[in-house]
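S.K.: Predicted structure and sequence below. I'll ask about it afterward.
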Amino acid sequence: KLEEFLNFKQLKTSLKEAILLDYYTAGFWWAKEMNFSLIQLSGFMDLLNFLLENLSDKHMTLGDNLKELGKAMAGIGEADSERSGDLNFFSIEQAKAVIDYLNISLFKHYKLYEYLFHSRREELVISNE
């Protein structure tokens, strides 16, 4: 279903699509295991997409993308609505878990994702079809 939603057409031959499908699938199942509500699950998946788009489309460095994560998570758990970000439906503990997950899944491997999005690779011919 995720493959359809992401509109991946070359999953069997595109390393990039396979990696992205794996990343989104792992994130989805992690969020389900955390028992996130539907709105929390949606917000988490939006956050995954936001951070990957920052890297792929905007060529953001690791430091800049971490700053963007900080802005998105700002104000969680605070009553002051002015400072609260878009993710205020997470508790403080859930926000910490999200940050930990992003650290081990994306930020720890940031150079690999930069290579995936920004390095030219030779296309191998797999068959004559």
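M.R.: Perfect, I can see it now.
S.K.: Name the helix or strand for the most centrally placed residue in the chain, please.
M.R.: Closest residue to the average C-alpha location of the chain: L48 at 2.1 Å, with Cα atoms, centre = their mean. Taking DSSP states H and E as the criterion, the element that holds L48 is helix 38-56.
S.K.: now do Y113
M.R.: helix 110-118.
S.K.: how much does that helix deviate in direction from helix 38-56?
M.R.: 70 degrees (axes from the mean of the first three to the mean of the last three Cα atoms, to 10 degrees).
S.K.: Return the residues in contact with the residue nearest to the centre of the chain.
M.R.: The neighbours of L48, taking Cβ atoms under 8 Å, 6 or more residues apart in numbering as the test, are 23-24, 27, 102, 106. The way it works is simple: take the backbone N, C-alpha and C, and place the C-beta from them, glycine included.
S.K.: Which of those residues sits closest to F90?
M.R.: L102 (12.6 Å; Cβ to Cβ).
S.K.: any idea how far the nearest residue to K9 once chain neighbours are set aside lies from V98?
M.R.: Excluding its sequence neighbours, the residue lying closest to K9 (Cβ to Cβ, 6 or more residues apart in numbering) is E17, at 8.0 Å. Between E17 and V98 the distance is 25 Å, computed by Cβ to Cβ, to the nearest Å.
S.K.: neighbour count winner among these two?
M.R.: V98 (26 against 17; other Cβ atoms under 10 Å).
S.K.: The more buried one contacts F90, doesn't it?
M.R.: Yes - assessed by Cβ atoms under 8 Å, V98 is found in contact with F90 at 6.6 Å.
S.K.: was I right about I19 contacting L116?
M.R.: Yes - using Cβ under 8 Å, I19 is in contact with L116, at 6.0 Å.
S.K.: Of those two, give the one with the bigger neighbour count.
M.R.: L116 (18 against 13).
S.K.: what sits against the more buried one?
M.R.: L116 neighbours (Cβ under 8 Å, 6+ apart): 15-16, 19.
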